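Colleague: A structural model of the following input is requested.
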Amino acid sequence: MERKISDTNLRFGLTEWSLALGMALTWGSSFLLIDIIIRYAPTSFVPFGRSLFGMVALFFVPGSRNKIAREHWAKIWALGLIWMALPFFLFPIAERTVASSIAGMMNGALPVVVIVVTSVWIRTKPSAQRLVAVLVGFLGIVLIAVPSINEGTSADVKGIFYLLAALICYAVALNLARPLQAIYSPATLMLRVVSISTVLSAPLGLYALKTTTFTFALFGATFVLGALGSGIAFLLFGTLLTRTGTVRAMIPTYFTPIVGTFLGVLFNGERVLALSLLGMLIVIFGAWLTSRPETNS
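Modeller: As a prediction, this is how the structure comes out:
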């Protein structure tokens, strides 16, 4: 029997906020980890490495190896491509020419992209409440990113295009995954998706090993990015998606630039300016607005 998944009006409680925090911490650090990896390896290594470690991590999660019906494998292969393999490839390519702060800002725009894609997908208009909440959150993200865009930061049109393409992949994948999330547990579904991503990215990833400089930093960054960012975090996201629906499952992306800012302070000696602090407060307010139940339903 299928579980109903919708943009539910259930309370966004402690469990949902805990899931969101876990995802924000892992996804917020992903841009720094990608930046570390591509110092030692070609960009084509990233999707393979993170998918492989994500697959290993999910393999040991209870219930992850439950069976999948044959008629659903076509969709799962599509998800392996557009939810993981392709965007995992696009982000490191973009970070060759786009600063990680800008990449984080773009990733924070995912709720906006999801609203647009979902509206087209299900042929309905988002409520004014949802739209305002998402735009408020995005405004905060912009304010966080602005101080980090200095003379040493660069971005080109091609890199921005890659980032936008990755976000569109995520938004389409979320809508494609919703019927499957109603049938399978997050662990069962995500193990299959990340396994397919590993297979799809293996040819380029294995070839990239020829020009990879193996260091402890490379291994550590790949392990954390894969096991946590592509394994456990996607498991948490699948759980949140099932509990809250597509739009409110995007709340963790509001906090990823905040995590990135603090990591920059800790590891790169960056200063947090007043404008960034204001942006963080606006982001939190936008997340709270998004978490509230619809008032017109």
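
Colleague: show me the strands in the protein, by range?
Modeller: Shown for the chain, no strands are assigned by DSSP state E.

Colleague: any weak-confidence spans in it?
Modeller: Counting by pLDDT under 70, the chain has low-confidence residues at 1-11, 101, 145-156, 268-273, 294-297.

Colleague: quick one: contacts for V56?
Modeller: Going by Cβ atoms under 8 Å, 6 or more residues apart in numbering, V56 touches G226, A227, G231. For every residue, glycine as well, the C-beta is placed using N, CA and C.

Colleague: just V136 next, same as before
Modeller: Contacts of V136 by Cβ under 8 Å, 6+ apart are I282, F285, G286, L289.

Colleague: most surrounded residue in these?
Modeller: Using other Cβ atoms under 10 Å as the neighbour test, these are led by G286, with 23 neighbours.

Colleague: buried ones in the lengthiest helix in the chain?
Modeller: Identified as the longest helix of the chain according to DSSP state H is helix 157-181. For helix 157-181, the neighbour count (16 or more other Cβ atoms under 10 Å) marks 159-160, 162-163, 166-174, 176-178, 180-181 as buried.

Colleague: what of stretch 47-62?
Modeller: In stretch 47-62, counting by 16+ other Cβ under 10 Å, buried: 47-58, 61.

Colleague: verify the stated contact: F53 with G226.
Modeller: Yes: the pair F53 and G226 qualifies as a contact (Cβ atoms under 8 Å) at a distance of 2.6 Å.

Colleague: which residues are in contact with the closest residue to L278 other than its chain neighbours?
Modeller: Distances taken as Cβ to Cβ, 6 or more residues apart in numbering put L143 closest to L278, at 5.8 Å, once the chain neighbours are dropped. Applying Cβ under 8 Å, 6+ apart to L143 gives the contacts L275, S276, L278, G279, I282.

Colleague: quick one: which of those sit in helices?
Modeller: L275, S276, L278, G279, I282.

Colleague: of those residues, keep whichever come out buried.
Modeller: The buried subset of those - by 16+ other Cβ under 10 Å - is S276, G279, I282.

Colleague: ranges for the helices of the stretch 151-297 of the chain?
Modeller: Applying DSSP state H, counting those that start in this stretch to the stretch 151-297 of the chain gives helices spanning 157-181, 186-208, 216-223, 233-244, 251-268, 274-291.

Colleague: those: which one's closest to P42?
Modeller: With Cβ to Cβ, the closest approach to P42 among the helices of the stretch 151-297 of the chain belongs to helix 186-208: 4.2 Å.

Colleague: give me the buried positions along that closest one.
Modeller: Those would be 186-198, 200-201, 204-205, 208, for helix 186-208 by 16+ other Cβ under 10 Å.

Colleague: same question, stretch 92-110
Modeller: Buried, per 16+ other Cβ under 10 Å, within stretch 92-110: 92-95, 98-110.

Colleague: now the buried residues of stretch 47-62 in JSON lines, with distance to L32?
Modeller: Output for the buried residues of stretch 47-62, formatted as JSON lines (distance: Cβ to Cβ, whole Å):
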{"residue": "P47", "distance to L32": "17"}
{"residue": "F48", "distance to L32": "20"}
{"residue": "G49", "distance to L32": "15"}
{"residue": "R50", "distance to L32": "14"}
{"residue": "S51", "distance to L32": "19"}
{"residue": "L52", "distance to L32": "20"}
{"residue": "F53", "distance to L32": "17"}
{"residue": "G54", "distance to L32": "18"}
{"residue": "M55", "distance to L32": "22"}
{"residue": "V56", "distance to L32": "22"}
{"residue": "A57", "distance to L32": "19"}
{"residue": "L58", "distance to L32": "23"}
{"residue": "V61", "distance to L32": "25"}
